[in-house]
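Visitor: Build the 3D model from these lines:
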Amino acid sequence: MDFQKEIVSQEISRTGVRTILVATDSSEYSDMALQEAIDIALQQNARIYLLHVVRLTEKRTVDSPEVLIRAQIGKFGKANMVEIIPDIREGSPYEEILKEQV
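Guide: Numbering: from 1, shown residues only. Predicted coordinates:
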């Protein structure tokens, strides 16, 4: 096990986790973050708050953000074993993430 992961794991087990905020842009890296969050949520009986922020200047794709976020959740078989609360907002990603208090 990676040393940093071990330290985080020890801290989590000591303090407990109730809600995990995962900011997503539906990328490969967001998928990795969501997978880690699912694993932690299963261990801690926590819920996941999945936040996707659409930039105001971003061009709309064929798929709506709702379709993209549901597709991302659907990639993970264990996703149905934890509570995942999807949220989609418009604005500046870093500002919206910092505003969030889950």
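Visitor: okay, CA-based contacts and neighbour counts for the rest of this
Guide: Fine.
Visitor: Please enumerate the helices of the chain.
Guide: Residue ranges of the helices in the chain, as given by DSSP state H, are 3-15, 28-44, 65-74, 93-99.
Visitor: distance of Arg78 from Lys99?
Guide: In this structure residue 78 is Lys, not Arg. When C-alpha to C-alpha, to the nearest Å is applied, the distance between Lys78 and Lys99 equals 28 Å.
Visitor: that older thread, can you tell me which of the helices of the chain is most buried?
Guide: The highest average neighbour count among the helices of the chain, using mean count of other C-alpha atoms under 10 Å, belongs to helix 28-44 at a mean of 17.
Visitor: Contacts for that helix, please.
Guide: Residues from elsewhere that reach helix 28-44, judged by C-alpha atoms under 8 Å, 6 or more residues apart in numbering: 13, 16-20, 22-24, 46-48, 72, 76, 78-79, 81-82.
Visitor: Quick one: mark the members of these that sit in strands.
Guide: Thr19, Ile20, Val22, Ala23, Thr24, Arg47, Ile48 (DSSP state E).
Visitor: isn't the third one right next to Val53, touching?
Guide: No: taking contacts as C-alpha atoms under 8 Å, Val22 lies outside contact range of Val53: 11.3 Å.
Visitor: quick one: which of the ones in strands among the contacts of helix 28-44 is nearest Ser64?
Guide: Using C-alpha to C-alpha, Thr24 is the member of the ones in strands among the contacts of helix 28-44 that sits closest to Ser64, with 14.3 Å.
Visitor: List the contacts of the residue nearest the centre of the chain.
Guide: Nearest to the mean C-alpha position of the chain, counting by C-alpha atoms, centre = their mean, stands Val22 at 2.4 Å. Applying C-alpha under 8 Å, 6+ apart to Val22 gives the contacts Ser30, Ala33, Leu34, Ala37, Ile48, Tyr49, Leu50, Leu51.
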